[in-house]
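Trainee: Sharing a sequence plus its predicted fold:
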Amino acid sequence: MAMGRPREFDLDQALENALHVFWEKGYEGASMTDLTEAMGITKPSLYAAFGNKEELFRKAFDAYADGPAGYTKLALQQPTARAVIEHLLYGEVDAVTDPDCPAGCLSINGALTCGDAAESIKQELVARRAKFESDLRERFEQARSDGDLPVHADAEVLARYASTIAQGIAVQAVGGAKRDELKKIVEVVLMTWPPVAAQ
């Protein structure tokens with residue numbers, strides 16, 4: 001039985017390099033030439049290993065969710081609602097200002113400028129953000145049931161508030177805001193947690 005030629009590149013490293021291109025340039029802004037050059041492979045090798053550009057982006061986003069954005073999953077596991085918001089927002093600040101990564105968040109950067117041709121990617125990123133917001137809502141509902149939040153706290157509003165702050169931090173980082181400046185925003189949020197309007 002004939003054996004196929006072994007791949008001449010590291011799949012994980014190539015995917016990480018693609019992730020950084022998407023993160024920096026967005027889905028549509030990342031050309032196939034940008035991707036193949038960063039990954040150190042040819043177009044046929046890219047298609048053979050990862051499928052088309054859309055499939056590559058999805059795989060890169062999964063790697064992002066498990067790697068640089070892994071703090072979001074850890075935040076949901078914190079013992080109190082305050083610890084959840086603290087872990088989430090400080091994690092966001094650290095991630096979006098990491099000097100080894102592009103500024104901002106792939107979930108935001110990836111699709112802000114998507115046109116009609118990339119509508120499926122835009123909608124997927126919207127759905128992924130909505131899923132995390134839903135997970136946050138459920139976590140805050142649990143906190144309310146546990147007596148960790150006031151009985152009249154609106155878990156849905158709190159989840160949207162936390163998501164809005166986190167996304168705003170990412171946008172501020174793209175605009176050049178520094179880590180210490182963004183941490184001061186988190187400190188203000190924590191001083192007013194939970195917000196009176198959401199109770």
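Mentor: All right, it came through fine.

Trainee: Which elements pack onto the helix or strand hosting Ala170?
Mentor: Assigned by DSSP states H and E, Ala170 belongs to helix 155-174. Applying 3 or more Cβ pairs under 8 Å, 6 or more residues apart in numbering; DSSP states H and E, one finds that helix 155-174 contacts helix 81-96, helix 106-109, helix 119-145, helix 179-191. (Each C-beta comes from the backbone N, C-alpha and C, glycine too.)

Trainee: Quick one: these as CSV, columns for mean pLDDT too.
Mentor: Below are the helices and strands packed on helix 155-174 laid out as CSV (pLDDT from 0 to 100):
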stretch, mean pLDDT
helix 81-96, 97
helix 106-109, 84
helix 119-145, 93
helix 179-191, 97
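
Trainee: for these, which one ends up most surrounded?
Mentor: helix 106-109 (a mean of 23; mean count of other Cβ atoms under 10 Å).

Trainee: returning to that earlier point: list the buried residues of the helix holding Ala170.
Mentor: Buried residues in helix 155-174, counted by 16 or more other Cβ atoms under 10 Å: 155, 157-159, 161-163, 165-167, 169-173.

Trainee: Show me which pair in these is furthest apart.
Mentor: Ala155 and Ala173 (27.3 Å; Cβ to Cβ).

Trainee: Centre-most residue in the protein?
Mentor: Ser107 (4.6 Å; Cα atoms, centre = their mean).

Trainee: Mind telling me what element Ser45 is part of?
Mentor: Ser45 belongs to helix 43-50, assigned by DSSP H and E.

Trainee: So which elements touch that helix?
Mentor: Packed next to helix 43-50, using 3+ Cβ pairs under 8 Å, 6+ apart, are helix 11-29, helix 32-39, helix 53-66.
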